[in-house]
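Enquirer: Okay, here's the prediction I keep looking at, along with the sequence it came from:
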Amino acid sequence: LEEWLNEYRPLGIIGPLLSKEVNQVAPIAEKGGWPLITPGASSATLTSMGRYIFRNATTPTAQCQAISDYAVTTLKVKRFAILFPNDRAGKEAAACFSKEVTELHGTVVISKPYPPSDTDFKDSILQIKAAYGRDDGAKKEEPQKEAKFDAVFLPGGAQTAGLIIPQ
């Protein structure tokens, strides 16, 4: 890559997409003074790799902060449930969201992990419904108790969310 860059002298580099590959290419770009813009890498260390290294992807922390701020400040939601995949990314998203909501004077009523490979979320949903204060034995005509949370935060992939939402 360095040889090619020196021969053709491009104005800059767009890519790579992943943080691992950016870590390999960044020193070459920095040494040659070529701006490198990565559209997908989100590693927290990217911004400290040099003057010429940029990213156009938001970090999970930035996403979490934006979502919690929008929910609490704009939508005026104060009480939350979190249903998250029990993996590193899911735990980090749940912890970040919980921290941000608390700092904005909101409350996380329940935070429930599920195995990342799950396709049936019945047990987790029943635990969240219990926290909601819903009594499924009540007749539809009978009033429900006041809800203990106003929104559910579902970090994770779209495919999994597509399975959770109908359930």
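Expert: Received the coordinates, thanks.
Enquirer: what's the neighbour count on residue 36?
Expert: 24 (other CB atoms under 10 Å). (C-beta placed from N, C-alpha, C; glycine too.)
Enquirer: Identify the residues contacting it.
Expert: 12-14, 22, 25-26, 29-30, 52-54 (CB atoms under 8 Å, 6 or more residues apart in numbering).
Enquirer: which residues of the chain fall in strands?
Expert: With DSSP state E as the criterion, the chain has strands at 13-14, 36-38, 53-55, 79-85, 107-114, 151-153.
Enquirer: just the contacts of residue 36 now: which is nearest residue 42?
Expert: residue 22 (9.8 Å; CB to CB).
Enquirer: so what's that closest one up against?
Expert: 16, 36, 38, 41, 43, 46, 49, 53, 55.
Enquirer: one more time with 6 Å, if that's ok
Expert: 16, 38, 41 (CB atoms under 6 Å, 6 or more residues apart in numbering).
Enquirer: How about residue 101?
Expert: Per CB under 6 Å, 6+ apart, neighbours of residue 101: 68, 80, 108.
Enquirer: wait, isn't the first one in contact with residue 99?
Expert: No. Under the criterion of CB atoms under 6 Å, residue 68 makes no contact with residue 99, lying 8.5 Å away.
Enquirer: what does stretch 78-91 rub up against?
Expert: Counting by CB under 6 Å, 6+ apart, residues outside stretch 78-91 touching it are 94, 101, 106-113, 115-116, 124, 128, 149-156.
Enquirer: So in this structure, where's the weakest helix or strand by average pLDDT?
Expert: Between all helices and strands in the chain, the lowest mean by mean pLDDT, DSSP states H and E belongs to helix 122-132, at a mean of 86.
Enquirer: Mind listing residues that contact that helix?
Expert: 81, 83, 109-110, 112, 114, 147-148, 167.
Enquirer: Now rank those by neighbours and give me the top one.
Expert: residue 83 (24 neighbours).
Enquirer: Please report how far that residue lies from residue 150.
Expert: Applying CB to CB, to the nearest Å, the value for residue 83 to residue 150 is 15 Å.
Enquirer: One more: residue 18?
Expert: Residue 18 is 37 Å from residue 150, by CB to CB.
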